[in-house]
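[1] Sequence first, predicted model second:
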Amino acid sequence: MDIRLLVIRTDKTDRLAEFYSLLGLTFEYHKHGNSPMHYSATIGQTVLEIYPLTKSQTEPDKNIRLGFGIDNFELTIQKLKELGVAFSLEPTQTDFGFMTIVTDPDGRKVELYKK
């Protein structure tokens, strides 16, 4: 089994794409079929898409938690700190590897692992 698609919804699509681009993702802005304009990035065989909120949503789901292995870990952490990104966990060695936890612009926890 593979994860092929992850979709997160937000009322700040541009801001979220900028944030995840800092982690090393490269997004395309497009639409397909009847979908709204959205951002899409490929990570291996997985596609991460950033969509606007649905008409029935009033706010983003902040409970989803994402985790990424980062190539330029130290440089990425430095950039995030310079931009004032909130850290829930400072970089540290854990049972799962050297990692940190940051908060994206919607309030989601994002685990970043040193590759």
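    Ah, there it is. None of these values were measured; they are calculated from a predicted model.
[2] for the residue positioned nearest the centre of the chain, what are its contacts?
    Closest to where the C-alpha atoms of the chain average out (C-alpha atoms, centre = their mean) is residue 20, at 4.5 Å. Each residue near residue 20 by C-beta atoms under 8 Å, 6 or more residues apart in numbering is listed here: 27, 41, 48, 50, 104. In short, each C-beta sits where N, CA and C put it, glycine included.
[3] Point me to the helix or strand that includes the fourth one.
    Applying DSSP states H and E as the criterion places residue 50 in strand 46-52.
[4] Check the second one too.
    Element membership for residue 41 (DSSP H and E) is strand 38-43.
[5] okay, the closest residue to residue 89 other than its chain neighbours: pLDDT?
    Leaving aside its chain neighbours, residue 89 sits nearest to residue 101 (4.1 Å; criterion: C-beta to C-beta, 6 or more residues apart in numbering). At residue 101, the model reports a pLDDT of 98.
[6] that older thread, buried stuff in the strand holding residue 50?
    The neighbour-count check on strand 46-52 (16 or more other C-beta atoms under 10 Å) flags 48-51 as buried.
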